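*Asks:* only geometry, no sequence info:
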């Protein structure tokens, strides 16, 4: 039985490597299950800091090499994804604009499943600069959407408020990374939990979450 409201809440950042690894699989699970993905682009750095996670820059070179090179390339091969085989050229650029464009599209009433996927894939498979306005508009066009409309709204108060609400909701849930999926209150962190999410759609796992630990 699907979640109580037939949705999967999807917390992520538009440039997230692991959100990219799980993006196509998430869309497949949602489509097969008849669930709607409720997109929650968030300020990942603030969410991680609130959860007490070590910032990416503060992690050791060995840690970063493993999780963002070897682990990433293995998962890409496992899921049959195209990959640059390296960190994208523009990964150090900001990602807030892309997040806010996605939020603007949600507020415009658009289904952004394919748009979010286009941004993630564009960045990690085609080296797209997600801080570049023209690139964001172009990628929106590849999925049949007018990115100019969303770009124009990206700096609006309504988008800023919705983006902040996503971030605060993630903090309240103790989300500590991207991607995080929430089904009927149960939290699944990381694209490697997608198969568990799929099982939970068919039959929720025993016991409830969150629990108070004694």
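*Replies:* Here it is on my side, so go on. Everything numeric here is computed off the predicted structure, so don't read it as measured data.
*Asks:* Now the worst-scoring helix or strand of the chain on mean pLDDT: buried residues?
*Replies:* Across the helices and strands of the chain, mean confidence by mean pLDDT, DSSP states H and E is lowest for helix 61-65: a mean of 73. The neighbour-count criterion (16 or more other C-beta atoms under 10 Å) identifies no buried residues in helix 61-65. For glycine as for every other residue, the C-beta is placed from the backbone atoms N, C-alpha and C.
*Asks:* helices or strands up against that helix?
*Replies:* Under the contact criterion of 3 or more C-beta pairs under 8 Å, 6 or more residues apart in numbering; DSSP states H and E, helix 61-65 touches no helix or strand at all.
*Asks:* How far off centre is it?
*Replies:* On the basis of C-alpha atoms, centre = their mean, to the nearest Å, the separation between the geometric centre of helix 61-65 and that of its chain is 22 Å.
*Asks:* now swap in stretch 23-32 and tell me
*Replies:* On C-alpha atoms, centre = their mean, the centre of stretch 23-32 falls 13 Å from the chain's centre.
*Asks:* in that stretch, what's buried?
*Replies:* Under the neighbour-count criterion of 16+ other C-beta under 10 Å, stretch 23-32 has 23, 25-26, 29-30 buried.
*Asks:* How about residues contacting it?
*Replies:* Counting contacts by C-beta atoms under 8 Å, 6 or more residues apart in numbering, the residues outside stretch 23-32 that touch it are 8, 10, 35-37, 79, 81, 113-114, 116-117, 120-121, 179, 181, 191, 194, 197-198, 201.
*Asks:* Are any of these buried, and if so which?
*Replies:* For the contacts of stretch 23-32, a neighbour count by 16+ other C-beta under 10 Å gives the buried set as 8, 10, 35, 37, 79, 81, 113-114, 116-117, 120-121, 179, 181, 191, 194, 197-198, 201.
*Asks:* Go through the buried residues of stretch 23-32 and name the one nearest residue 170.
*Replies:* Closest to residue 170 out of the buried residues of stretch 23-32 is residue 26 (16.8 Å), distances taken as C-beta to C-beta.
*Asks:* quick one: the host helix or strand of the closest one to chain centroid distance?
*Replies:* Residue 26 is part of helix 17-33 when elements are defined by DSSP states H and E. Centroid separation between helix 17-33 and its chain, computed with C-alpha atoms, centre = their mean, is 10 Å.
*Asks:* Stretch 25-34 now?
*Replies:* Here stretch 25-34 is found 15 Å from its chain centre; the criterion is C-alpha atoms, centre = their mean.
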